[in-house]
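Student: Provide a 3D model corresponding to the input given below.
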Amino acid sequence: MPEIVKGVKFENVAREWRLKWSEDNDKASLSAAQAALDDVLAELSSLEAVSSVQRVVCGGCHDFKVVTKLSAAAFGDWEKSSFEPEAEFLAKIKAIAGVSVVETQTYTLEEVKLNKKDAKKAMDKKAAEAEKAAEAADDKPKPPEDPAKKLKKVLKEGGKRGVEIEGAADMGGLQFFCTSVDEPEGDVDLLVHCVAAMNEKSDPTEEERKGGSGNVGKMVFSCGLGQLAVCAYVPDDKQGELDCAAWLEKVLSLYRYEMITKDKSVSSGIIPTDSEKNIFPLKIRESLILEANNYLRKLGLFPEDNGDSDDDMVFGDDDFPS
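Tutor: All right, here's what the predicted structure looks like:
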């Protein structure tokens, strides 16, 4: 198996075609890009040793990507043929009004997902190492970060995540979304500010869009050393379908918890770290996100998880938790 550096081995190579599409004319350029892909999809799918052809569409950054994956052994033969039908596809999309930044790229592409048993072992090890590192840290208190600077970071992250959620909701028809943020670091008040930034009305005159997801219900998680902070938000027009406080309390109740605020629009709470019971924010976060989504599914407010692996739509460049 080829190895780039020690530990970085690969068996597969992918060719990516990408472009930016426009919102103009009811996203006509996106429709045209899809039609161009449809014209060459049969040829791509028939390539020798092709293992997958994936399409990635981002409603926030307007990416349209086609990723064709082959074995490393077979990729060389495709490269010799100039990646047919690449030239045909690129010519078509370059002629589409509203399409820009047409590029190609070659890279290795490997499946690195762990099975459930190995993933649990790795997470347990990571949590134990984090606990050990915290205990070994210098007892001397570190000077706190300037509150104004910290809040600015929190609002920036919230604004950016709001755009991503808006794009995902527009493309996937989602009414509710569960995700996590880093900057609040388990601080409930900062997390509430972060969610508010996600919900701010987007200003189209600004150079960098932010917010815009106020119409999407959401539950947002933030990990700190001492606690996991969670904030739930339900828009006014969805409060007849979902009780904000009840949703949050159901999720938190999997562990020892404290509700900080209860409101029909925004509710918040925490789960304290408990090293004796092996409860650490990073370790429990994903199971709580799953619980939040399952609660929505029972109310018919979130798509059923039917295990369909044919869904090739990926929203956003960042990693959105489940």
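Student: rest of the way, CA atoms for contacts and neighbours
Tutor: OK.
Student: gap between S267 and E286?
Tutor: According to Cα to Cα, to the nearest Å, S267 and E286 sit 20 Å apart.
Student: To clarify, my last question referred to K298.
Tutor: For K298, the distance to E286 (Cα to Cα) stands at 19 Å.
Student: Between the two, which has more neighbouring residues?
Tutor: Each of K298 and E286 had its neighbours counted (other Cα atoms under 10 Å), and the higher figure belongs to E286 (16 against 10).
Student: Need the three-state assignment for that one.
Tutor: Following DSSP: H, G, I helix; E, B strand; the rest coil, E286 is assigned to helix.
Student: you'd agree V163 is in a strand?
Tutor: No. Looking at V163 with three-state DSSP, it is helix, so not inside a strand.
Student: I figured E291 was touching S253, is that so?
Tutor: No. Taking contacts as Cα atoms under 8 Å, E291 lies outside contact range of S253: 10.3 Å.
Student: Settle it for me: which of the two has more neighbours?
Tutor: When E291 and S253 are compared for neighbours, E291 comes out ahead with 17 against 13, by other Cα under 10 Å.
Student: where's that one, which helix or strand?
Tutor: Taking DSSP states H and E as the criterion, E291 maps to helix 281-298.
Student: Report the buried residues of that helix.
Tutor: In terms of neighbour count (16 or more other Cα atoms under 10 Å), helix 281-298 has its buried residues at 281-286, 288-289, 291-296.
Student: same question, stretch 243-259
Tutor: For stretch 243-259, the neighbour count (16+ other Cα under 10 Å) marks 243-245, 247-249, 251-252, 257, 259 as buried.
Student: Over to stretch 106-124?
Tutor: Of the residues in stretch 106-124, 108-109, 124 count as buried by neighbour count, 16+ other Cα under 10 Å.
Student: So for stretch 268-280, what gets flagged as buried?
Tutor: 268-273, 279-280.
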